[in-house]
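Trainee: give me a 3D structure for the following:
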Amino acid sequence: MESALTARDRVGVQDFVLLENFTSEAAFIENLRRRFRENLIYTYIGPVLVSVNPYRDLQIYSRQHMERYRGVSFYEVPPHLFAVADTAYRALRTERRDQAVMISGESGAGKTEATKRLLQFYAETCPAPERGGAVRDRLLQSNPVLEAFGNAKTLRNDNSSRFGKYMDVQFDFKGAPVGGHILSYLLEKSRVVHQNHGERNFHIFYQLLEGGEEETLRRLGLERNPQSYLYLVKGQCAKVSSINDKNDWKVVRKALTVIDFTEDEVEDLLSIVASVLHLGNIHFAADEESNAQVTTENQLKYLTRLLGVEGSTLREALTHRKIIAKGEELLSPLNLEQAAYARDALAKAVYSRTFTWLVAKINRSLASKDAESPSWRSTTVLGLLDIYGFEVFQNNSFEQFCINYCNEKLQQLFIELTLKSEQEEYEAEGIAWEPVQYFNNKIICDLVEEKFKGIISILDEECLRPGEATDLTFLEKLEDTVKHHPHFLTHKLADQRTRKSLGRGEFRLLHYAGEVTYNVTGFLDKNNDLLFRNLKEAMCSSENPIMSQCFDRSELSDKKRPETVATQFKMSLLQLVEILKSKEPAYVRCIKPNDAKQPGRFDEVLIRHQVKYLGLMENLRVRRAGFAYRRKYEAFLQRYKSLCPETWPIWAGRPQDGVAVLVRHLGYKPEEYKMGRTKIFIRFPKTLFATEDALEVRRQSLATTIQATWRGFHWRQKFLRVKRSAICIQSWWRGTLGRRKAAKRKLIRGFILRHAPRCPENAFFLDHVRTSFLLNLRRQLPRNILDTSWPTPPPALREASELLRELCQKNMVWKYCRSISPEWKQQLQQKAIASEIFKGKKDNYPQSVPRLFISTRLGADEISPKVLQALGSEPIQYAVPVVKYDRKGYKPRSRQLLLTPSAVVIVEDAKVKQRIEYANLTGISVSSLSDSLFVLHVQREDNKQKGDVVLQSDHVIETLTKTALSADRVNNINININQGSITFAGGPGRDGIIDFTTGSELLVTKAKNGHLAVVAPRLNSR
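Mentor: Sure, this is the predicted structure:
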């Protein structure tokens, strides 16, 4: 905390105790303003935390923040809600004393949010119980359920708690939460039937209508529109932008499951909620005798079904009052006003008793399941009190009277416990206690609660007395009984000037927080809270399990008049005070910065009002009555020891002696401080501020010294590292140079003796040469099978080089063969046969080499179907168009040459002209020139054949290669390449001759000598 004092001019002080002008309310509020402007919403008054609602998420409640405040001393970190939570938890663990965190403030100040954050802190940071996290989950999930049934939108707050809540969380000896218990106080049940303009009823009604399933609403007889229900339209504010009722409904339904609600219990609970809405829609009309009669039969039917009561019984209870006089029961009819009162009273009773049942149900769920085990005795309790703050409205009624009485009691307890803790600390440290003058509000508490003479006693007496008692008779009795009390005033008792601000039906109390004027209208009715007997009887007969528990039949037979609301509240408040007195308290005071719920807006008038009624200035004055600052010797010495040469850097003696030396060196005057047993007490904040300012100056010089020392150390270390590195590099480089020189000498000697037999002198050189060759060979290996390059080997590796070359070629061939496809393999085989037959023998062979052979030169559509039919199942392996020359006259005729597995077939249009079996094919003749003629020689003994066939093909090399491949399977056929002329059989006993000559262009004609003359250009010289 002290570390922030240097910035106090900008962000204020973290503890109001350190304010120089601590009696000034203006200085107090200015400090709040500075911190609020910097988004610092938490400030201490000693151990008390003051919280200002920022109305936005400041991202200060994450898991990282929890860990930062976990297990840390209260003043070591900036003020935070988690610091209060952790301090209380550690005291509970280490001292085994029950703790209580009391959270107070007006509606909208952030009390409910603070309670949720505390529960979140304990749920996240406490160890998990042995039986899992069920209790932890129930503690967290009880909040949304209680908020749904007990919170509502008011003018000041969209999620205002309309009841007081005290929650006990039980921890086992390991510090794990194992159970809990909730006490509720003074639910504002009048809100069920009436809301001010701009306010809403309790959240659960809107959540059910907005988020309930269609089937559920149909069963409950509800519509989604809140405007349909009288109890929800009075405030004219069904929709609120900051509230998502549909999502909240899902949260509540899930939470009910977590806290052990069965489906039947949820259905029964929702039936009661729906019945309250239907009750509001019950309307009455007057008959001839001005008696009230129910006119909304449909609503009555829903009520009888949802509450499980007889329709006639409920109808009678709503329109008649049962009176017992001298042992006789009489039914008195109600007029319209009385019937409406009875209806609203029933709605309030049903809802408030259901809320009480709900709290009891949650308590059963939170109760520790290990109450019988021995470890139960070692549990400790941490209480969280979320109670309404002091309320001052334009019109203050019975509810504000009870709430402000509660705040008076808590303020009385607060001052007593604060003084007590201060006195105990002084006594423990052996410092004389100086009595503190403060306003003791016991006089106001007595005015309200004193027996026979207090306001509550007079109110009860007026409610119980026979005769015509009214709110004004109650006020008159107050004036007679407490007229001399200095804190009580009415119109009758006031002077002429004060009477102008007081109505005749009002009284004024001077509370510790200021004057509050109360209007007595409704005091008696609200205190009596009467429910007609026949309404009770109807509810006692309910078949709804929850209603039957809320309305016990023993009430009907109990002759004793029930206690009034004020008495019940007083007794529960006295019980709460006793509970809080038995615990070690911690305080959180919540402040609302503005009424518009706007972030960043600081309303000074509103805040001054809250500072006053929260008693913060009184608390600060009590805290500052003695010493403003106190610290353990160890912490004080650790922080400020650098300011004294004798204690810096290490003090070897006792911390107390070190602090004594330190304060003497700093020049503290005797009246400025006291030395306790374990702490030093400093009276004036200016003394601490001067010490902190001196520390800031000292830190600058220390920082300079530390920086200089560190820089010197850092650069020396860097220099030494560089030096070691340089030495290492130098030694390595010298060694490398030496090795290189030695190797060079060995190479020179080996080169001189390179031709000598291997010996130690030339072994290194020879190995170097071989290694160099092999490395060079690896880089210069042939890229493909056609690459014949190969590095020249040294003499000693010639034989190895040849072997490697052979292996390399085989490997490339193997790789190439593995890589070619079947189609390409067939192509290469055909090309190889063509090369074998024609290479170097026929002129036009070189031109055919780059051209790929194709499977056929004729498509299936170019061959006549009749030809295909004639061939039958015999497949065509190759087809090519050719020109046939007649044996007589050599007339050219277009034909098709077809190759089948067994024969050569010559086709003219759709007719097979000649079929030559491969067995009858004796040979093929072709010239050596570039012409494209060839002759198929046929056996002369075959009478079916007419003689040899002279053909011409544009693809002669391809055609003859294909023919040779097909014929070879049956008969080895010879292809003769002739020069000059070819003789062929023209018919029986007659031969023909083809003469070949070279010329400029290809020409085929019949010569005068009867031969076939072929002139072909020469393309190649062989």
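Trainee: just give me the neighbour total for the closest residue to D86 other than its chain neighbours.
Mentor: Nearest non-adjacent residue to D86, counting by CB to CB, 6 or more residues apart in numbering: Y69, 5.2 Å away. Any C-beta I mention is one placed from the backbone N, CA and C, and that applies to glycine too. Residues near Y69, counting by other CB atoms under 10 Å, number 21.
Trainee: swap in S548?
Mentor: Per other CB under 10 Å, the neighbour tally for S548 reads 16.
Trainee: quick check: which element contains it?
Mentor: Assigned by DSSP states H and E, S548 belongs to helix 545-550.
Trainee: and that helix, what does it pack against?
Mentor: Helices and strands touching helix 545-550, by 3 or more CB pairs under 8 Å, 6 or more residues apart in numbering; DSSP states H and E, are helix 263-280, helix 336-366, helix 533-540.
Trainee: try 7 Å
Mentor: Contacts defined by 3 or more CB pairs under 7 Å, 6 or more residues apart in numbering; DSSP states H and E place helix 545-550 against helix 263-280, helix 336-366.
Trainee: picking up where we left off before, now for the residue nearest to D86: which residues touch it?
Mentor: Contacts for Y69 (CB atoms under 7 Å, 6 or more residues apart in numbering) come out as V77, H80, F82, A83, D86.
Trainee: now it: how far from R1018?
Mentor: Separation of Y69 from R1018 (CB to CB, to the nearest Å) stands at 109 Å.
Trainee: lowest confidence element among the helices and strands of this structure?
Mentor: helix 8-11 (a mean of 63; mean pLDDT, DSSP states H and E).
Trainee: which element is encountered next along the chain beyond it?
Mentor: Downstream of helix 8-11, the first helix or strand assigned by DSSP H and E is helix 25-37.
Trainee: contacts for that following helix, please.
Mentor: 10-13, 16, 19, 21, 43, 52, 593, 602, 604, 607-608, 611, 617, 620.
Trainee: what's in contact with the next helix-or-strand element following it?
Mentor: Counting by DSSP H and E, the next helix or strand C-terminal to helix 25-37 is strand 42-45. The contact list for strand 42-45 (CB under 7 Å, 6+ apart) reads 14-17, 32, 35, 49-51, 79-81, 616, 619-620, 623.
Trainee: please redo it, this time with the cut-off set to 8 Å
Mentor: 1, 12-17, 31-32, 35, 49-51, 78-81, 616, 619-620, 623 (CB atoms under 8 Å, 6 or more residues apart in numbering).
Trainee: about what we covered before: what subset of the contacts of helix 25-37 is buried?
Mentor: Among these, the ones that count as buried by 16 or more other CB atoms under 10 Å are V11, G12, V13, F16, L19, T43, V52, P593, I607, V611, M617, L620.
Trainee: tabulate these in a markdown table, adding columns for distance to V577.
Mentor: Output for the buried ones among the contacts of helix 25-37, formatted as a markdown table (distance: CB to CB, whole Å):
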| residue | distance to V577 |
| --- | --- |
| V11 | 37 |
| G12 | 34 |
| V13 | 32 |
| F16 | 26 |
| L19 | 31 |
| T43 | 27 |
| V52 | 28 |
| P593 | 30 |
| I607 | 28 |
| V611 | 24 |
| M617 | 23 |
| L620 | 23 |
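Trainee: for A428, helix, strand, or coil?
Mentor: For A428, the assignment made with DSSP: H, G, I helix; E, B strand; the rest coil gives helix.
Trainee: flag the shaky bits of the stretch 201-350 of the chain, pLDDT-wise.
Mentor: 325-327 (pLDDT under 70).
Trainee: so where do the helices sit in it?
Mentor: 203-211, 214-220, 230-233, 245-258, 263-280, 297-307, 311-319, 336-366 (DSSP state H, counting those that start in this stretch).
Trainee: got a list of contacts for the fifth one?
Mentor: Identification of contacts with helix 263-280 by CB under 8 Å, 6+ apart yields 192-193, 204-205, 208, 212, 216, 220-222, 229-232, 253, 256, 261, 299, 302-303, 306-307, 343, 346-347, 350-351, 354, 358, 361, 544-547.
Trainee: put the buried members of these into a ChimeraX selection.
Mentor: Restricted to buried positions by 16+ other CB under 10 Å, the ChimeraX selection for the contacts of helix 263-280 reads:
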select :192,193,204,205,208,212,220,221,222,229,231,232,253,256,261,299,302,303,306,307,343,346,347,350,351,354,358,361,544,546,547
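Trainee: distance of the closest residue to A339 other than its chain neighbours from E210?
Mentor: Nearest residue to A339, sequence neighbours excluded (CB to CB, 6+ apart): A292, at 3.5 Å. Counting by CB to CB, the separation of A292 from E210 is 33 Å.
Trainee: make sure I have this right: I182 is in a helix.
Mentor: No: the assignment for I182 (three-state DSSP) gives strand, which keeps it out of a helix.
Trainee: report all helices and strands that the lengthiest helix in the chain contacts.
Mentor: In the chain, with assignment by DSSP state H, the single longest helix is helix 685-752. In terms of contacts (3+ CB pairs under 8 Å, 6+ apart), helix 685-752 is packed against helix 633-640, helix 760-779.
Trainee: report the buried residues of stretch 594-605.
Mentor: The neighbour-count criterion (16+ other CB under 10 Å) identifies N594, K597 as the buried residues of stretch 594-605.
Trainee: could I get the contacting residues of I456?
Mentor: By CB under 8 Å, 6+ apart, the neighbours of I456 are V448, E449, A566, T567, K570.
Trainee: for W433, same thing?
Mentor: Q423, Y426, E427, G626 are the contacts of W433 under CB under 8 Å, 6+ apart.
Trainee: Produce a ChimeraX select command limited to the buried residues of these.
Mentor: Applying 16+ other CB under 10 Å to the contacts of W433 leaves a buried subset, and the ChimeraX line that selects it is:
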select :426,626
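Trainee: distance to T380 and pLDDT for the contacts of W433 - can I get that in JSON lines?
Mentor: As requested, the contacts of W433 are arranged in JSON lines below (distance: CB to CB, whole Å; pLDDT from 0 to 100):
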{"residue": "Q423", "distance to T380": "25", "pLDDT": "76"}
{"residue": "Y426", "distance to T380": "27", "pLDDT": "78"}
{"residue": "E427", "distance to T380": "25", "pLDDT": "81"}
{"residue": "G626", "distance to T380": "31", "pLDDT": "70"}
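Trainee: before we move on, the earlier item: which one, of the helices and strands packed on helix 545-550, ends up nearest to L828?
Mentor: Among the helices and strands packed on helix 545-550, the nearest to L828 by CB to CB is helix 263-280 (84.8 Å).
Trainee: and the closest one, what's buried?
Mentor: In helix 263-280, counting by 16+ other CB under 10 Å, buried: 268-280.
Trainee: wait, which of the residues you listed is closest to E1001?
Mentor: Taking CB to CB as the measure, L270 is the one of those closest to E1001, at 111.7 Å.
Trainee: how about low-confidence regions in the stretch 601-750 of the chain?
Mentor: Along the stretch 601-750 of the chain, the parts satisfying pLDDT under 70 run over 625, 628.
Trainee: in terms of helices and strands, where is the nearest residue to E461 once chain neighbours are set aside?
Mentor: Leaving out its chain neighbours, the residue that sits closest to E461 by CB to CB, 6+ apart is K477, at 7.6 Å. Assigned by DSSP H and E, K477 falls within helix 471-481.
Trainee: which strands and helices sit next to the helix or strand that comes right after that helix?
Mentor: With elements assigned by DSSP H and E, the helix or strand that comes after helix 471-481 is strand 488-490. Where contact means 3+ CB pairs under 8 Å, 6+ apart, strand 488-490 is packed against helix 471-481, strand 506-511.
Trainee: residues making contact with strand 488-490?
Mentor: With CB under 8 Å, 6+ apart as the criterion, strand 488-490 contacts L447, L475, L478, E479, V482, T498, L502, E506, F507, R508, L509, L510.
Trainee: restricted to buried residues, select the residues you listed in ChimeraX.
Mentor: Selection of buried members from these for ChimeraX, criterion 16+ other CB under 10 Å:
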select :447,475,478,479,482,502,506,507,508,509,510
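Trainee: now pLDDT too, for the contacts of strand 488-490, in CSV please.
Mentor: Listed next are those as CSV, based on pLDDT from 0 to 100:
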residue, pLDDT
L447, 91
L475, 90
L478, 90
E479, 89
V482, 90
T498, 86
L502, 87
E506, 92
F507, 93
R508, 92
L509, 92
L510, 90
